[in-house]
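Q: this one's structure only:
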């Protein structure tokens, strides 16, 4: 190992100069040392500054160190004082230990009794709380069961409500169609009654209507008394195949209740018209 003579920093053997102050390093064995007059650490003899306490050694006189005899006398006096102090401390510690043991023995039983009482009371409280928790868990389970049942009932009621709404909508549609049909029949019967009262009764219609009640009639000529729709089947819900203007004459080949089956000599398709929409003219030749 090598040592810097200025700052006493140690380096490996392969290093030649100190990185702090640039001094050439010397081998540690060949260095003469002395004690720092301020901190008593071992430093190089020619060091100008102590590397430990950083004291400037160039302008400071060496302090007077006490002689060995003075140190020995002072050390003996302190040793005797320390021996007396140690004995006093030992006696004091023993007294305190005895006192603490007495306090522990006297108050230990009372503290144990109080601790046991506290533990018993705590155990009772825990038992009561555990019982309450079990009761609450039972009530919670019952409430969950009731909630599930009510949820199932709500689902069933919703399904019934939806079905009722569908039925209501269907009924409303039927009522709307019936109301429209009633209004149309009332509007069609009023002009027909006026015409019937203003002219003499026709002999043929009664026979035709009697035949219509039986479902079969001879081919006759009828005339529409208003714009009339021709249906594919004898039902108002069937498809409309054509529209006939007011005053158009049609050939009726058959009667089915309130419906008359008509045939056209032209390009109009055959179908059914309402009996109230036409009036009898004559029998076909």
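A: Received the coordinates, thanks. Please read these numbers as outputs of a predicted model, since none were measured by experiment.
Q: tell me what residue 3 is bridged to.
A: In this entry, residue 3 is beta-bridged to residue 10, residue 26, by DSSP bridges.
Q: I figured it hits residue 15, correct?
A: No. Counting by CB atoms under 8 Å, residue 3 does not reach residue 15; the two are 10.6 Å apart. All C-beta atoms are positioned from the backbone trio N, CA, C, and that covers glycine.
Q: overlap in contacts of these two?
A: The overlap between the contact sets of residue 3 and residue 15 (CB atoms under 8 Å, 6 or more residues apart in numbering) consists of residue 25.
Q: higher neighbour count, the two?
A: Counted by other CB atoms under 10 Å, residue 3 and residue 15 do not tie: residue 3 has more neighbours, with 21 against 14.
Q: what's the burial count for residue 250?
A: Neighbours of residue 250 (other CB under 10 Å): 25.
Q: swap in residue 249?
A: Residue 249 has 13 neighbouring residues, counting by other CB under 10 Å.
Q: for it, give me its contacts.
A: Residues near residue 249 by CB under 8 Å, 6+ apart: 221, 222, 223, 224, 281.
Q: tabulate the residues you listed (CSV), appending pLDDT, distance to residue 125 and neighbour count.
A: Below are the contacts of residue 249 laid out as CSV (pLDDT from 0 to 100; distance: CB to CB, whole Å; neighbours: other CB atoms under 10 Å):
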residue, pLDDT, distance to residue 125, neighbour count
221, 88, 107, 15
222, 90, 102, 22
223, 89, 104, 14
224, 91, 99, 18
281, 88, 107, 15
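Q: so which two of those are the farthest from each other?
A: Maximum pairwise distance in the contacts of residue 249, criterion CB to CB, is 11.5 Å, between 221 and 224.
Q: tell me, what's touching these two both at once?
A: In contact with both residue 221 and residue 224: 249, 250, using CB under 8 Å, 6+ apart.
Q: picking that back up, where strands are concerned, which of the contacts of residue 249 count?
A: Among these, the ones falling in strands (DSSP state E) are 221, 222, 223, 224, 281.
Q: is residue 255 bridged to anything, and to what?
A: Applying DSSP bridges to residue 255 gives these bridge partners: residue 260.
Q: my guess is it contacts residue 273. True?
A: No. Shown here, residue 255 and residue 273 do not form a contact pair, counting by CB under 8 Å, at 10.6 Å.
Q: one step back: looking at the contacts of residue 249, which is nearest residue 39?
A: Nearest to residue 39 among these is residue 224, at 138.5 Å by CB to CB.
Q: low-confidence ranges in the stretch 1-150 of the chain?
A: Residue ranges of the stretch 1-150 of the chain with pLDDT under 70: 28-31, 59-85, 107-109.
Q: which residues of it fall in helices?
A: With helices called from DSSP state H, counting those that start in this stretch, the stretch 1-150 of the chain shows them at 68-198.
Q: nearest to residue 53, of the contacts of residue 249?
A: Once CB to CB is applied, the member of the contacts of residue 249 that ends up nearest residue 53 is residue 224, at 136.2 Å.
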